[in-house]
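# Return atomic coordinates for the entry below.
(one chain, ligands or ions: 3)
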Amino acid sequence: TTGKTIKCKAAVCWGAGEPLKLEDVEVAPPQAHEVRIHILHTGICHTDEYTRSGKDPEGLFPVILGHEGGGVVESVGEGVTSVKVGDHVIPLYTAECRECKFCKSGKTNLCGKVRATQGKGLMPDNTSRFTVKGQPIHHFMGTSTFSQYTVVADVSVVAVDKKAPLEKVCLLGCGITTAWGSVVKQPGIKGSSVAVFGCGAIGLGVITTSALVGASRIIAVDTNPNKEAWAKKFGATDFVNPTQLKEGTKIQDYLVEITDGGLDYTFDCTGNVHVMRAALEACHKGWGVSTVIGVAAAGQEISTRPFQLVTGRTWRGSAFGGVKGRTEIPGLVEDYLNGKVKIDEYVTHHRKLADINDGFGDMHQGECIRCVVDM
Ligand code: NAD
Ligand code: AHE
Ligand code: ZN
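Ligands and ions are numbered 1, 2, ... in the order given. Predicted coordinates:
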């Protein structure tokens, strides 16, 4: 609470579609129930690119993006009890206050405590902790990990085992946890058939977790042929490239044919609404369940014949894999340390903060699973 403003470097996005710019940013001390974190590493997720590009209807500029970070608590505001100075932490874009209607429902990981201000790019008191030469800069997803120092709400951070390298477990801040939760919280996958559309970090995480829980068949679907080797390495039993199908054959029809009526479970990990439809329609009549994980651009809508649902298919979705971060991430870190959850295997690229735009470039190359930015 007696803290001073910190000057550090951050990658600022000044406008939709613009590259990030390295700036000297002032980071104000944490207020009551806030935590200032020295960010050491951060992944780049496709959702950062989605907002940078201007496709996010909630996108605000100027902004400090980033939501897959790891760091050390530098200082805490009044009333903070959940973490202390020196703790190794992961910021959480899905808060967990344990007091709101959502948290108490036992039905969802979504938390209502800070979501409204988070969506406005502000801290819970409706102001920003970031300025560049006096100009306020928006926060992003309550995390803004593309800054060497960031401030988050105390309900939006979790301490993790110091034995775990932050350059790896930072990825639990989004992609790997999202994928893991989407599978382990879906009853019935053991012994069932699964199709995963999109083999980026999210899709690969869904594949490996499906294998972990004992799916009998895991069909990976991707338009990039280089993803076949990745998918198989992560546990896929089959790979289908929809662009290689016989002229006029829809991917869903092909999958229904090779699976004797359709998949038990499918996952969209692309964010493409046409793929979401295909994933639903690839489900088995009577019981197939399709989960939307991908995030679609502003204005995009999903459609299908309602008959698909009338005849027993279920369309659902999840944010952050349905995971309650403060409660569940410490266990995931232990699973990583015990070799039960992969993280290292996803890291294909490293970049310095000053070269973060190259990290976004890596993502567009199609050969990058995750780029970790060293701050
Ligand atoms: P990514 O870009 O690394 O991976 C996407 C993959 O989809 C690529 O391999 C690409 O080749 C493939 N693809 C593209 N078009 C396709 C098509 N028509 N058919 C089949 N495959 C196709 O992205 P990522 O980081 O893995 O994220 C995937 C999606 O999940 C994004 O939309 C991201 O915003 C979203 N996401 C959602 C959550 C959540 O909580 N719901 C969390 C993290 C990411
Ligand atoms: N702002 C977008 C939606 C973005 C979105 O769906 N975000 C996911 C996490 S993606 C992580 O890579 C999420 O958690 N959503 C729940 C929430 O409360 O934002 C839009 O379309 O408005
Ligand atoms: Zn993400």
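
# what's the helix or strand for residue 26?
In this assignment (DSSP states H and E), residue 26 forms part of strand 21-27.

# Alpha carbons only: can I get that strand in CSV?
Taking Å, rounded to 0.1, in the frame of the first residue of the first chain, the C-alpha atoms of strand 21-27 are listed here in CSV:
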residue,chain,number,x,y,z
LYS,A,21,4.9,-1.0,-29.6
LEU,A,22,7.5,-1.3,-26.8
GLU,A,23,6.8,1.6,-24.4
ASP,A,24,8.0,2.9,-21.1
VAL,A,25,5.0,2.4,-19.0
GLU,A,26,4.2,3.6,-15.5
VAL,A,27,2.5,1.0,-13.3
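
# can you pull the buried residues of it?
In terms of neighbour count (16 or more other Cβ atoms under 10 Å), strand 21-27 has its buried residues at 22, 23, 25, 26, 27. For glycine as for every other residue, the C-beta is placed from the backbone atoms N, C-alpha and C.

# State the distance from residue 141 to residue 325.
12 Å (Cβ to Cβ, to the nearest Å).

# Oh, that last question was meant for residue 301, not what I typed.
Distance of residue 301 to residue 325, computed by Cβ to Cβ: 29 Å.

# Of those two, give the one with the bigger neighbour count.
Comparing residue 301 with residue 325 by other Cβ atoms under 10 Å, the one with more neighbours is residue 325, at 26 against 7.

# thinking again about what came up before, quick check: next helix or strand after the strand holding residue 26?
Per DSSP H and E, strand 21-27 leads on to strand 34-43 as the next helix or strand towards the C-terminus.

# packing partners for that next one?
strand 69-76, strand 88-91, strand 149-153, helix 166-169, strand 370-374 (3 or more Cβ pairs under 8 Å, 6 or more residues apart in numbering; DSSP states H and E).

# for those, which one sits closest to ligand 1?
strand 370-374 (7.7 Å; Cβ to the nearest ligand atom).

# Can you spell out which helices and strands pack onto that closest one?
On a contact count with 3+ Cβ pairs under 8 Å, 6+ apart, strand 370-374 meets strand 34-43, strand 347-352, helix 356-365.

# Please list the outside residues in contact with the second one.
This points to strand 347-352. By Cβ atoms under 8 Å, 6 or more residues apart in numbering, the residues outside strand 347-352 that reach it are 168, 171, 358-359, 362, 367-374.

# Stretch 41-61 close to ligand 1?
Yes - using Cβ under 6 Å from any ligand atom, stretch 41-61 reaches ligand 1 at 45, 46, 47, 50.

# And the helices in the stretch 151-300 of the chain, which stretches?
166-169, 175-184, 201-213, 227-233, 251-258, 273-281 (DSSP state H, counting those that start in this stretch).

# Which positions within the fifth one qualify as buried?
Buried residues in helix 251-258, counted by 16+ other Cβ under 10 Å: 251, 252, 254, 255, 256.

# circling back: any idea of the angle the strand holding residue 26 forms with strand 347-352?
Angle, strand 21-27 to strand 347-352, by axes from the mean of the first three to the mean of the last three Cα atoms, to 10 degrees: 70 degrees.

# How far off centre is strand 21-27?
For strand 21-27, the separation from the chain centroid amounts to 24 Å (computed by Cα atoms, centre = their mean, to the nearest Å).
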